[in-house]
Each structure stands twice: as C-alpha cells, then as structure tokens.
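A.B. asks: next input, structure requested:
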Amino acid sequence: MAIEARELSKSFRINSKLPIPMSPSSKKAGQEGVSIERKVFDRISFTLDNGISCVVGPNGSGKTTLIRVLSTDIPPDSGSCTVMSYDLVKEKNRVRSIISTMFQGGSYFFDNQLTVGENIAFLSEVLELDKGKIRELMEVMRVNDYIGFKFGFLSHGNKKKMALIRAIALDRPVLLLDEPTSDLDFAARMAVRKILQDIGEKKTILITTHEIEDIELCKKLLILYDASLKEYDRESILKLANNFKVISIEKPNDNLGLEGYMLLSKSREQIRILVSNQEVEELIRKLQGYTQLVVGKPNISDIVIYLSRLNNRSNW
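C.D. replies: Prediction:
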C-alpha cells in the first residue's frame, strides 16, 4: 500500500480568554480562561494505493488537518502511518522527498515581488523541475499569458493554478491536494480533473473536495464526520446521490409541516431538505403555492450528513 494509516488521532487545544463561571471550588473564578480540547479525528484507519481518492466531509470535519498530517506538516497525536513504507514520524524527511502537496492558499511557495516567469525559473532550478512540463501545464491551465506579471498581482484563482502546477510538476509518487478545484473557473476545473485523471493511475493522489463532480475521478472516498472516518467506493456514493433531491425553500415561514423529512440546514433565509426521488412530488404538492422553491441535486456534504445520521459512532 502507498499509504497505510492505523489508529491515527489528532486534537487541537483551544485556549479561550472567556472567564470560568463562578463555582464554590474556584478561588479565582471569573479571572482564569479555559482550555478546550477538540478532537479532529480519533483512531482512524485507512489504506490508499495508486489512483485518485477523495476525503470529504462538512466544513471543520478535519479534511485539511488530515492532509497536513499526511504531509508531515503537523504530527499525529497517536497512531502510526507509513507512506511508501516510510514512517510518517520517524522518517519524515524521506516522506517529504516523495510527496507533493498543495494547500488552500498554497501560493506561499512563490515570491509576490517576482514575475511569474522569474518564480518559475527559480523553482525550476531549486527543485529541478521540467520547464517544458511547466509551460505545458500553464497552457492547459490558461495562465501562460501572465508570465510577465508580478505574482502578487495575480487573482486568487490564478495563484491557485500556479500552486497546482508546481505540485504536479514536481512529479512525485504521492500527491496531496487540498480542494484543488475550488475557486477555479469552469474551464480550469475541467483542466485540473483531466490532468489528475491522466496521471492518476501512476500515482497515489488524495484530494479534499466539496464538489460532487470530483467523485467521478475517485475510486475511494474517505468520509470524515464527528472525528470518525469511513471508507466508501465511488460507485456506492454516486448511486446513493442519484436517489435523492434537495429541496430549498427560500424565506420560509414557521408552519411548513416538514416533520419526518431530513433537514440539512435551516436559517431565516432558507431551509434545505433531503428527500428521496419518490418523495419529491409529494412534498411539492404539500408546499403547493409556495413559490420560492428550488429542487436540485445533493452535494457531497449533504450525502455525508445523510450517512452520518444513518450510522451512529458505534457502527462506524
């Protein structure tokens, strides 16, 4: 296996300046802060081989933290993991030599005061990158016209394209990408998916995503929710998503009678409900006359919420 994780755990300690509530046992009540430990993931295990895999989950579920752990950016609290047989903690320098990463905001590899061309020349020399491959990727990603622009003047989307180009051009056996298709225009998203598909069989690629279209690239999905992880194959997730619709009700009132339906989110502005395809017509009839109604496809987070409510922690 290219990546093998066993019982990995990671927590963060959050120090709050909020005062401790008054209590008889606290002599300094109201003066001290509190320290809260948040478990990001707890004793998760998985294996990844060649091909593209996705890690999905709601915002704050630990997707980026998992990528940071696997890239040796931060250590796990406990458990073990090997990357191409190298121990993630004991041999982290060797692990770093065989992985390539891209985080959101990953443009820190570039100098804002240098032009795109100057950055490429510098990185190509230091990292021994193939300039021809970089030029090819820049053309595919449609950023070759910015070669003379200072990097700092590029849009967020174009900076992200350059970070992706760097990660792919390193040509290492393991590629860890944090939401590579987010914040990109349609053509760029399609280009990224095509590039990953072309190199996917020769490398181990793990991406985080909120985009249901990205699942079409992935042969395995790691779903993070409530500090736990469960593995699914691509076909089962896509098949499941096709069985549902999301009904969004804009500016809802309080008397819609939605008891018994799976509520995905609720605010003053919108209610989102997950319903089976068989329930759509029935619910629309029930809401007849309610004009601000939108029927759409579920996204990854919607399916994660659905699965998490079907499976309590003891079943994961």
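A.B. asks: for the stretch 201-316 of the chain, which segments count as strands?
C.D. replies: 204-208, 220-225, 228-233, 244-250, 262-266, 270-276, 293-296 (DSSP state E, counting those that start in this stretch).
A.B. asks: average model confidence for the one helix or strand residue 100 maps to?
C.D. replies: Secondary structure from DSSP states H and E places residue 100 in strand 99-102. Throughout strand 99-102, pLDDT has a mean value of 96.
A.B. asks: list the buried ones in the very next helix or strand once past it?
C.D. replies: Using DSSP H and E, the helix or strand that directly follows strand 99-102 along the chain is helix 116-127. Residues 116, 118, 119, 120, 123, 124 are the ones in helix 116-127 that count as buried (16 or more other CB atoms under 10 Å). For every residue, glycine as well, the C-beta is placed using N, CA and C.
A.B. asks: using a markdown table, lay out these together with distance to residue 227 and pLDDT.
C.D. replies: As requested, the buried residues of helix 116-127 are exported to a markdown table (distance: CB to CB, whole Å; pLDDT from 0 to 100):
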| residue | distance to residue 227 | pLDDT |
| --- | --- | --- |
| 116 | 41 | 94 |
| 118 | 44 | 95 |
| 119 | 39 | 93 |
| 120 | 41 | 92 |
| 123 | 37 | 89 |
| 124 | 41 | 90 |
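A.B. asks: on contacts alone, who are the packing partners of the strand holding residue 100?
C.D. replies: Packing partners of strand 99-102 (3 or more CB pairs under 8 Å, 6 or more residues apart in numbering; DSSP states H and E): helix 156-169, strand 174-178.
A.B. asks: rank those by mean pLDDT and give me the bottom one.
C.D. replies: Across the helices and strands packed on strand 99-102, helix 156-169 has the smallest mean pLDDT, namely a mean of 93.
A.B. asks: which other helices and strands does that helix contact?
C.D. replies: Here helix 156-169 touches strand 99-102, helix 116-127, helix 131-140, strand 174-178, helix 186-199, going by 3+ CB pairs under 8 Å, 6+ apart.
A.B. asks: of all the ones you listed, which one is nearest residue 249?
C.D. replies: Nearest to residue 249 among these is helix 186-199; the distance by CB to CB comes to 27.9 Å.
A.B. asks: next, count neighbours for residue 50.
C.D. replies: 16 (other CB atoms under 10 Å).
A.B. asks: any figure for the gap between the closest residue to it other than its chain neighbours and residue 72?
C.D. replies: Counting by CB to CB, 6 or more residues apart in numbering, residue 204 is the residue found nearest to residue 50 once chain neighbours are left out, at 5.5 Å. Separation of residue 204 from residue 72 (CB to CB, to the nearest Å): 15 Å.
A.B. asks: okay, buried residues for the strand holding residue 100 please.
C.D. replies: 99, 100, 101, 102.
A.B. asks: and for stretch 257-274?
C.D. replies: By 16+ other CB under 10 Å, the buried positions in stretch 257-274 come out as 258, 261, 262, 264, 271, 272, 273, 274.
A.B. asks: could you tell me the end-to-end distance of that stretch?
C.D. replies: Stretch 257-274 has its terminal residues 15 Å apart, counting by CA to CA, to the nearest Å.
A.B. asks: tell me how far it is from the chain's mean position?
C.D. replies: Remark: stretch 257-274 is offset 25 Å from the chain centroid, using CA atoms, centre = their mean, to the nearest Å.
A.B. asks: what's in contact with it?
C.D. replies: When contacts are defined by CB atoms under 8 Å, 6 or more residues apart in numbering, stretch 257-274 is touched by residues 244-252, 256, 275, 279, 283, 286, 298, 302, 305-306, 309.
A.B. asks: likewise for stretch 154-170?
C.D. replies: Applying CB under 8 Å, 6+ apart, the contact partners of stretch 154-170 are 100-102, 104, 106-107, 109-110, 116, 119, 123, 127, 129-130, 133-134, 137-138, 141-143, 146, 151, 175, 177, 180, 183-185, 188, 192, 195, 199.
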